Every structure is written in C-alpha cells, then in structure tokens.
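Q: Sequence and predicted structure, then a few things I'm wondering about:
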Amino acid sequence: MKTDNISPEVQAKESFFKFSDDVNPPIKSFALEIERQSKRRNFLDYFIRFNGQPLWDKGIVQQYSGGIYGVNSSDIG
C-alpha cells in the first residue's frame, strides 16, 4: 500500500490497531473494543494526539479473583 498521499492522521489511525499475533488475548480484545467505539464516536485522532501510539505488546494484564475495581464482594457490607 502506498502511503505517499495518506495524511499523517490516517496513517496514525491505521497503525494504532496493528499488533503482533502473540499479543495477550485480553489486550487484543481491549484493542478491538477501542476500535469498535472509535468507529462510533470518532475520538481516535484526539486520543493519539494527546497519548500517542499504544505499545500493545507491552501491556500488562492483571486478573482479580472477583469484585469491581479491585474491591472484593466480601468487603462490601
């Protein structure tokens, strides 16, 4: 694909969702959800401008044994 006539914004959007096949599945799911929401809400230009490109292969996944935002259900009244 030639990129000579593609604007930097379009190039940034296209590269935003490129990741290797060995990316952690929850990270991939997260990226696909951002892509889905971006198509509906068109926020990606703004996001890239202020946050830059993601490093999908450097993402850290933490799993909790339950609860919301790290709060266990046993901690709630």
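A: Thanks, I have the structure now. Residues are numbered from 1 along each chain as shown.
Q: Scan the chain for its longest helix.
A: helix 25-41 (DSSP state H).
Q: Flag every buried residue along that helix.
A: For helix 25-41, a neighbour-count test (16 or more other Cβ atoms under 10 Å) marks 27, 28, 30, 31, 34, 38 as buried. (Each C-beta comes from the backbone N, C-alpha and C, glycine too.)
Q: which stretches of this protein have low pLDDT?
A: By pLDDT under 70, the low-scoring segments of the chain are 1-4, 64-77.
Q: what residues are up against the spatially most central residue of it?
A: For the chain, residue 31 is the residue whose C-alpha lies nearest the centre (Cα atoms, centre = their mean; 3.5 Å). Shown in contact with residue 31 (Cβ atoms under 8 Å, 6 or more residues apart in numbering): 17, 19, 23, 54, 56.
Q: So what's the residue count around the first one?
A: Think residue 17. 15 (other Cβ atoms under 10 Å).
Q: looking at it, it is touching residue 39, isn't it?
A: No. Residue 17 lies out of contact with residue 39 (Cβ atoms under 8 Å); the separation is 10.9 Å.
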